[in-house]
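Asks: Build me a model:
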Amino acid sequence: QVQLVESGGSLVQAGGSLRLSCVVSGSIFGINNMGWYRQAPEKQRELVAIITSAGATNYADSAKGRFTISRDNAKNTVYLEMNSLKPEDTAVYYCNALVKRYRWSPFVEFWGQGTQVTVSS
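Replies: The predicted structure follows:
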């Protein structure tokens, strides 16, 4: 089994900062891309940021300049540093990872259960 567990979501005032963490655990041979997505009420889930195993990053336009994604490969952990938060950032934030469980297996996509981020005005 592979588990992704997010933490760090909270209620914060506009202009504040939060750091989300996501730990990948279980039977893991390797992890390729890791990413953060979010879903606001009555909206579709959308990409926030993604980071490759080599450290290359890509951000949604809404996240550029405010959010920073990083990873610690030794700890199988991905982070999302969020600054200058806005009420429109309010959403459930989900961690995503492409995981190879064994040497001979393909990369499979896994999701965390989500962590709530609420930004008050």
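Asks: what sits against the most centrally placed residue in the chain?
Replies: The centre of the chain sits closest to Trp36, judged by CA atoms, centre = their mean, with a distance of 2.7 Å. By CB atoms under 8 Å, 6 or more residues apart in numbering, the residues touching Trp36 are 20, 22, 47-50, 69, 78, 80, 93-96. In short, each C-beta sits where N, CA and C put it, glycine included.
Asks: Let's see which of these end up in strands.
Replies: 20, 22, 47-50, 69, 78, 80, 93-96 (DSSP state E).
Asks: and which of the residues you listed is nearest to Thr57?
Replies: Ile69 (5.5 Å; CB to CB).
Asks: can you pull up the bridge partners for that closest one?
Replies: Residues in a beta bridge with Ile69, per DSSP bridges, are Leu80.
Asks: follow-up on the earlier one: which among the ones in strands among the contacts of Trp36 count as buried?
Replies: 20, 22, 48-50, 69, 78, 80, 93-96 (16 or more other CB atoms under 10 Å).
Asks: Which of the three states applies to Glu88?
Replies: With DSSP: H, G, I helix; E, B strand; the rest coil as the basis, Glu88 sits in helix.
Asks: show me the contacts for Thr77.
Replies: Going by CB under 8 Å, 6+ apart, Thr77 touches 21-24, 71.
Asks: now that we have those, which one has the most neighbours?
Replies: Neighbour tally across the contacts of Thr77 (other CB atoms under 10 Å): the maximum, 25 neighbours, falls on Cys22.
Asks: distance of the nearest residue to that one once chain neighbours are set aside from Gln3?
Replies: Leaving out its chain neighbours, the residue that sits closest to Cys22 by CB to CB, 6 or more residues apart in numbering is Cys95, at 3.3 Å. Distance of Cys95 to Gln3, given as CB to CB, to the nearest Å: 10 Å.
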